[in-house]
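>>> Next come a sequence and a model predicted from it.
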Amino acid sequence: MSNTNGVDGSSVPNGSSETRDGSQRYLSTRGDDYDLSFEDVVLKGLASDGGLYIPEEIPSNVDWQSWKDLSFPDLALEILSLYISPSEIPRDDLKGIIDRSYSTFRAPETTPLKHLHDNLYLLELFHGPTFAFKDVALQFLGNLFEYFLVRKNAGKTGADRHHLTVVGATSGDTGSAAIYGLRGKKDVSVFILHPKGRVSPIQEAQMTTVLDDNVHNLAVTGTFDDCQDIVKALFADPDINSTHNLGAVNSINWARILAQIVYYFYSYFSLVKSANLTIGDKVRYVVPSGNFGDILAGYFAYRMGLPAEKLVIATNENDILDRFWKTGMYEKKPVRGLEAQGGLQVDGVKAHEDGVKETLSPAMDILVSSNFERLLWFLAYEFAAIAGMDDEWNKKQAGQEITAWMKQLRSNGGFGPVYQDVHTSARRDFESERVSDSQTVETIKTYFNKINYVLDPHTAVGVTASVRSMARSNVPHISLSTAHPAKFAGAVELALKDEADFSFEKNVLPPEFVGLESKEKRVTEVENSWQTVREIVKKQVEEELKA
Ligand SMILES: Cc1ncc(COP(=O)(O)O)c(C=O)c1O
Ligand SMILES: N[C@@H](CCOP(=O)(O)O)C(=O)O
């Protein structure tokens with residue numbers, strides 16, 4: 001890894017595309033797992049030390065300006081090639097995987113950009129099979145898993161075949177996108193955990209009406225964070241992980257972040273062309289955030305040269321990220337006065353003993369944002385570099401900091417304030433906004449009345465944050481639209497029920513969703529226990545392998 005100056009002159013771990021030999025390697029944010037290939041990190045998902053994989057180098061000195069007129073799949077090929085060595089996946093094979101992945105999208109541009117008004121543009125990421133931004137990465141990841149498995153299993157039969165057991169946690173969108181990316185694929189079993197009763201009816205139907213033999217939905221009595229913890233506990237369990245080749249579809253899997261980098265560049269070029277900008281002009285990106293995967297992809301794009309003036313995090317009332325940017329503390333929020341209030345309300349919002357608020361943007365009802373660990377690593381690395389030691393020392397320091405912070409998060413429910421320099425670096429590249437449910441509803445109403453456009457509630461959180469950010473900066477804003485409004489009928493109806501011209505069926509519902517909820521479903525209810533889930537997974541995989 002070379003230690004060069006970043007866009008802002010700071011010391012950051014960037015590599016040069018001219019000096020790299022094309023073989024990108026990966027390491028864990030906690031430092032004990034390193035020098036891994038792309039295939040290793042994609043198939044392993046989570047590092048054996050509990051950390052998340054990051055590339056050793058973020059390619060810089062990239063001639064990204066020359067990508068301006070590429071189609072989405074061709075742009076994806078250029079970007080992904082910088083992180084995947086051709087000795088691992090030959091370029092023609094990678095092109096085949098990418099082309100297959102985006103042929104399932106309904107929009108010719110894959111991720112079209114829509115001008116809303118003034119300096120505000122909406123990046124529509126919901127034109128894939130399950131109508132949410134997750135399809136961009138999970139169509140690709142499904143095909144990638146298939147590619148690696150076909151290669152590993154060539155000429156093998158029976159027990160010699162490598163069988164992948166995918167376990168994923170969802171607050172609604174990742175689950176269906178993963179299921180659609182992996183349904184019916186050979187040598188893969190898929191187990192998706194969702195918090196029972198806390199995903200929207202359409203999201204639940206999208207997952208549970210897929211009846212392929214290799215797809216299993218588990219409804220967990222708990223929250224999304226409980227589901228995410230169960231998945232992480234399974235990865236940490238040497239028993240099942242060594243016998244079952246666990247695979248990850250959540251954004252802990254590096255391939256998820258990688259595939260999402262593409263639309264930051266693609267939307268920039270779309271904007272440059274449609275608004276007659278000059279390449280290099282600054283833009284702000286505003287991202288509705290929960291697990292911090294989507295905006296982290298924007299951070300990688302920025303580090304590769306994308307002229308982002310700021311990346312703006314938009315949270316709902318589950319605001320751990322917003323609080324970090326404001327205070328430097330990263331902590332789960334205690335539910336104040338819950339007992340006194342009979343366990344029903346906090347700040348006027350329904351709350352649970354676990355501290356998660358149920359909001360109108362449920363896919364972001366998350367207490368702990370798992371990908372924040374990846375950003376923290378880069379910030380800790382930058383901080384370590386101030387000491388002027390060598391790169392190996394900086395990486396070691398960063399790994400140690402992350403390990404200590406994550407330990408405190410586990411044992412004390414939080415950590416911080418982080419070093420002033422770390423917080424300053426975070427604030428240099430990012431801003432944050434917290435958006436309440438009532439503001440979300442107002443924004444959905446405003447845009448319906450103003451331009452006859454129906455925003456989904458997550459997108460509305462982003463658009464509300466964009467409008468606030470536009471008061472601070474006059475550069476164009478690209479606000480990410482992360483889901484189709486039809487997935488969140490309850491919130492949309494709540495906002496628009498009194499509008500004379502509004503009809504959910506006429507204005508929102510796509511034909512693909514008609515009748516979905518009355519189709520046959522398959523789902524197993526489970527208690528919030530990783531051991532119980534482990535036994536279900538083992539038994540089911542055994543049966544599938546016998547069949
Ligand atoms: C519709 C929607 N918007 C926003 C988010 C938040 O994205 P991230 O978790 O990558 O921050 C999610 C879930 O991840 C989502 O499903
Ligand atoms: N909002 C997500 C939660 C899981 O996040 P991921 O990006 O880490 O998979 C969902 O819809 O499931």
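The structure has been received and is ready for your questions. Ligands and ions are numbered 1, 2, ... in the order given.
>>> From now on I want contacts and neighbour counts done on CA atoms only, so please keep to that.
Fine.
>>> Show me what from the stretch 201-350 of the chain comes close to ligand 2.
250-251, 291, 293 (Cα under 6 Å from any ligand atom).
>>> The residues you listed into TSV, with extra columns for neighbour count?
TSV is the format used below for those (neighbours: other Cα atoms under 10 Å):
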residue	neighbour count
Asn250	27
Ser251	24
Asn291	22
Gly293	25
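>>> mind listing which of these are in strands?
Among these, DSSP state E puts none in strands.
>>> what about the strands in the stretch 1-150 of the chain?
Secondary structure of the stretch 1-150 of the chain (DSSP state E, counting those that start in this stretch): strands located at 4-5, 11-12, 14-16, 26-28, 53-55, 58-60, 113-117, 120-124.
>>> Can you lay out those as JSON lines showing mean pLDDT and mean neighbour count?
Formatted as JSON lines, the strands of the stretch 1-150 of the chain follow (pLDDT from 0 to 100; neighbours: other Cα atoms under 10 Å):
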{"stretch": "strand 4-5", "mean pLDDT": "32", "mean neighbour count": "14"}
{"stretch": "strand 11-12", "mean pLDDT": "46", "mean neighbour count": "20"}
{"stretch": "strand 14-16", "mean pLDDT": "47", "mean neighbour count": "20"}
{"stretch": "strand 26-28", "mean pLDDT": "98", "mean neighbour count": "23"}
{"stretch": "strand 53-55", "mean pLDDT": "98", "mean neighbour count": "25"}
{"stretch": "strand 58-60", "mean pLDDT": "93", "mean neighbour count": "23"}
{"stretch": "strand 113-117", "mean pLDDT": "98", "mean neighbour count": "16"}
{"stretch": "strand 120-124", "mean pLDDT": "98", "mean neighbour count": "23"}
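>>> quick one, which of these is nearest to Thr165?
strand 53-55 (19.2 Å; Cα to Cα).
>>> Give me the residues contacting the closest one.
24-29, 41, 45-47, 83, 252-254, 374 (Cα atoms under 8 Å, 6 or more residues apart in numbering).
>>> between the strands of the stretch 1-150 of the chain, which one is nearest to ligand 1?
Shortest distance between ligand 1 and the strands of the stretch 1-150 of the chain, using Cα to the nearest ligand atom, is found for strand 120-124: 11.3 Å.
>>> can you give me the offset of the closest one from its chain's centre?
Distance of strand 120-124 from its chain centroid, counting by Cα atoms, centre = their mean, to the nearest Å, is 18 Å.
>>> residues in contact with that strand?
With contact meaning Cα under 8 Å, 6+ apart, strand 120-124 is reached by 111-116, 267, 466, 476-483.
>>> Spatially, which two of the residues you listed are the most separated?
Pro476 and Ala483 (21.7 Å).
>>> More neighbours: the two, which one.
Between Pro476 and Ala483, counting by other Cα atoms under 10 Å, Ala483 is the more crowded of the two (25 against 20).
>>> I'd assumed Val454 was in contact with the more buried one.
No - if you go by Cα atoms under 8 Å, Ala483 and Val454 don't touch, sitting 11.1 Å apart.
>>> on that earlier part again, most neighbours of all the contacts of strand 53-55, which one?
Thr29 leads the contacts of strand 53-55 on contacts (other Cα under 10 Å) with 30 neighbours.
>>> where does it sit relative to Gln420, distance-wise?
Distance, Thr29 to Gln420, using Cα to Cα, to the nearest Å: 21 Å.
>>> can you check Val167 too?
38 Å.
>>> just Ala384 next, same as before
In terms of Cα to Cα, Ala384 sits 13 Å off from Gln420.
>>> more neighbours, these two?
Neighbours were counted for Ala384 and for Gln420 using other Cα under 10 Å; Ala384 has more, 23 against 11.
>>> ok, that one - contacts?
394-395, 397-398.
>>> If we use 7 Å, what do you get?
Counting by Cα atoms under 7 Å, 6 or more residues apart in numbering, Ala384 touches 394, 397-398.
>>> State the mean pLDDT of the strand or helix carrying it.
Ala384 belongs to helix 372-385 when elements are defined using DSSP states H and E. For helix 372-385, the mean per-residue pLDDT is 98.
>>> Might one say that Thr221 is in contact with Lys196?
Yes - contact criterion Cα atoms under 7 Å: Thr221 and Lys196 qualify, at 5.5 Å.
>>> quick one: contacts for the residue most central in space within the chain?
Centroid-nearest residue in the chain, with Cα atoms, centre = their mean: Gly293, separated by 3.3 Å. By Cα under 7 Å, 6+ apart, the contact list for Gly293 reads 251, 257, 371.
>>> Which single one of the residues you listed is nearest to ligand 1?
Among the contacts of Gly293, and counting by Cα to the nearest ligand atom, the member closest to ligand 1 is Ser251, at 7.2 Å.
>>> is it true that the closest one touches Leu258?
No - between Ser251 and Leu258 there is no contact under Cα under 7 Å: 9.8 Å.
>>> follow-up on the earlier one: which ones among the contacts of strand 120-124 lie within helices?
267, 466 (DSSP state H).
>>> Run through the contacts of strand 120-124 and flag the ones next to ligand 1.
482-483.
>>> where does this protein dip in pLDDT?
Applying pLDDT under 70 to the chain picks out residues 1-22, 334-354.
>>> how about the residues of it that lie near ligand 2?
170-175, 250-251, 291, 293, 363-364.
>>> Now do the contacts for Ser370.
Counted by Cα under 7 Å, 6+ apart, Ser370 has contacts 291-292.
>>> same thing with Arg323?
Met329.
>>> Phi and psi next, for it.
phi -70, psi -40 (degrees, to the nearest 10).
>>> State the distance from it to Leu367.
12 Å.
>>> Kindly report the same for Glu373.
In terms of Cα to Cα, Glu373 sits 14 Å off from Leu367.
>>> Glu382 too?
From Glu382 to Leu367 the distance is 26 Å (Cα to Cα).
>>> quick check, nearest of the residues of the stretch 201-350 of the chain next to ligand 2 to Ser518?
Asn250 (27.9 Å).
>>> shouldn't that closest one be in contact with Gly168?
Yes - with contact defined as Cα under 7 Å, Asn250 reaches Gly168; the gap is 5.9 Å.
>>> Taking the stretch 101-250 of the chain, what residue is nearest to ligand 1?
With Cα to the nearest ligand atom, the shortest gap between the stretch 101-250 of the chain and ligand 1 falls at Asp173, namely 4.7 Å.
>>> What's the local residue count around that residue?
So Asp173, with other Cα under 10 Å, has 27 neighbours.
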